[in-house]
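In: predicted structure and sequence below. I'll ask about it afterward.
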Amino acid sequence: MPGPTQALIDELHLKYAGLREGSAATYIPELAKASTEHFGIVVAGVDGSLIAAGDTEVLFSLQSTSKPLTYGLVLEDFGREFVLSKVGVEPTGEAFNSIVELEKHTHRPYNPMINSGAIAVSSLIRGASAEARLQRVLGLFEGYAGRPLAYDKKIFESEKNTAHRNRSIAHLLRHFSVIGDDIDDSLDLYFQQCSILANTRDLALIAATLAGGGINPRTGKRAVQEKYVGDILSLMFTCGMYDSSGEWAYSVGIPAKSGVSGAIFGVVPGKLGIAVFSPPIDEKGHSLRGMAVFKELSQRLNLSIFRHL
Ligand code: GLN
């Protein structure tokens, strides 16, 4: 496999900066303020090398790119069997915020990458108080990114005050006893994890940590047990891009997760973490420049996990 070079990343940045489709998410009012011009690409090797182009220091909220990480945390807290009893591992072919997301007989959310599954996951995070749980989540993200990250109170409030759909999902989860009575606490923690601020470099290091079996390539510290990395990556692969996951597997072929802030990260196991940030998204919530960069990068460098033979 040819390695990524600065020239290639610069070329893709220049080429796709001209892509002018899509607009920033508006259903969380604070996200609508994002600049449609912002565009950063970072490729991080499992050896700690970094190649960056564009606005890689601009901070954005992680939104759904946070979901694979909290899933790993509850796997560590409770083990596979218990977590599987609460949240399934099947793709839905539905949007991330679908309300028809509970399995027919078990009433589990289909998977932890969609909102219902991620809210259920947040409700499981251990801690003596809401503050203790939040600190655990922030500590988790610090482990992956290799530096302390904070959440944005404005984005948090903005989502919390307008989250009628997620609130209805949470009540449905409570109805079927997937979550307990602490509905508001579970939602708050979910909105807080979604509003954690990071830049494209942080997100590439999060990806490279997963690529390296759970060890941050810069700090050398473990962020998640190696035995759960495969669980996280398989769910990113089948469900991370929601109802585009099949098309993504076909055209890009690496586990990835998107967020409505315009972030996408992808993991080439054993090799690379890739992150792209640019706010204009399509109707499914994926960054348009992000998808274009991933597609071309995968083709040019033969990154698909099915093309290494
Ligand atoms: N916080 C957002 C929500 O729940 C995350 C969605 C996303 O990034 N796809 O709607």
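Out: That came through, no problem.

In: the strand or helix carrying G290 - what's its average pLDDT?
Out: In the assignment (DSSP states H and E), G290 maps to helix 288-301. For helix 288-301, the mean per-residue pLDDT is 98.

In: over to stretch 60-71?
Out: For stretch 60-71, the mean pLDDT works out to 98.

In: switch to numbering from 662
Out: Taking 662 as the first residue, the last one we looked at is stretch 721-732.

In: near the ligand, which residues of the protein? Just list them.
Out: Counting by CB under 6 Å from any ligand atom, the residues of the chain close to the ligand are Q724, S725, F757, N758, N776, E820, N827, C855, G920, V921, G946. Yep, even glycine has a C-beta here, placed from its N, CA and C like the rest.

In: rerun that using 8 Å as the cut-off
Out: By CB under 8 Å from any ligand atom, the residues of the chain that approach the ligand are 686, 688-689, 724-726, 757-758, 776, 779, 820, 824, 826-827, 851-852, 855-856, 903, 919-922, 946.

In: out of those, which sit inside helices?
Out: Among the residues of the chain next to the ligand, the members falling in helices (DSSP state H) are N776, A779, E820, R826, N827, Y851, F852, C855.

In: tell me the pLDDT at the second one?
Out: On pLDDT, A779 comes in at 98.

In: spatially nearest residue to it, not counting backbone neighbours?
Out: Nearest residue to A779, sequence neighbours excluded (CB to CB, 6 or more residues apart in numbering): K728, at 4.4 Å.

In: who touches the top helix by length along the chain?
Out: Assignment by DSSP H gives helix 791-806 as the longest helix of the chain. Helix 791-806 is contacted by residues 723, 727, 730-731, 733-734, 786-788, 809-812, 846, 849-850, 853-854, 857, 859, 863-864, 866-867, 870-871, 877, 882-885 when judged by CB atoms under 8 Å, 6 or more residues apart in numbering.

In: how about a cut-off of 7 Å?
Out: 730-731, 734, 786, 788, 809-810, 846, 849-850, 853-854, 857, 859, 863, 866-867, 870, 877, 882, 884 (CB atoms under 7 Å, 6 or more residues apart in numbering).

In: again, but for stretch 674-691
Out: With contact meaning CB under 7 Å, 6+ apart, stretch 674-691 is reached by 692-693, 695, 697, 700, 702, 714-715, 815-816, 819-820, 823, 921, 923, 940-943, 949-950, 953-954.

In: in strands, which of the residues you listed appear?
Out: Applying DSSP state E to the contacts of stretch 674-691, the entries found in strands are I702, A714, G715.

In: hang on, isn't the last one packed against F700?
Out: Yes - contact criterion CB atoms under 7 Å: G715 and F700 qualify, at 4.8 Å.

In: report the separation between I670 and the ligand.
Out: Distance of I670 to the ligand, given as CB to the nearest ligand atom, to the nearest Å: 24 Å.

In: how about S684?
Out: Noted for S684: a distance of 15 Å to the ligand, by CB to the nearest ligand atom.

In: quick check: bridge partners of that residue?
Out: When assigned by DSSP bridges, S684 has beta-bridge partners I942.

In: on that earlier part again, write the PyMOL selection for whichever of the contacts of stretch 674-691 are buried.
Out: Here is the PyMOL command that picks out the buried ones among those, judged by 16 or more other CB atoms under 10 Å:
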select buried, resi 692+695+700+702+714+715+816+819+820+921+923+940+941+942+949+950+953+954
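
In: out of the residues of the chain next to the ligand, which are buried?
Out: By 16+ other CB under 10 Å, the residues of the chain next to the ligand give 686, 689, 724-726, 757-758, 776, 779, 820, 824, 827, 851-852, 855-856, 903, 919-922, 946 as buried.

In: helices along the stretch 862-970 of the chain, start to end?
Out: Per DSSP state H, counting those that start in this stretch, the stretch 862-970 of the chain carries helices over the ranges 887-900, 906-912, 949-962.

In: which one of those helices has the most crowded surroundings?
Out: Highest mean neighbour count of the helices of the stretch 862-970 of the chain: helix 949-962, a mean of 21 (counted as mean count of other CB atoms under 10 Å).

In: double-check that V839 belongs to a strand.
Out: No - counting by DSSP: H, G, I helix; E, B strand; the rest coil, V839 falls outside a strand, being coil.
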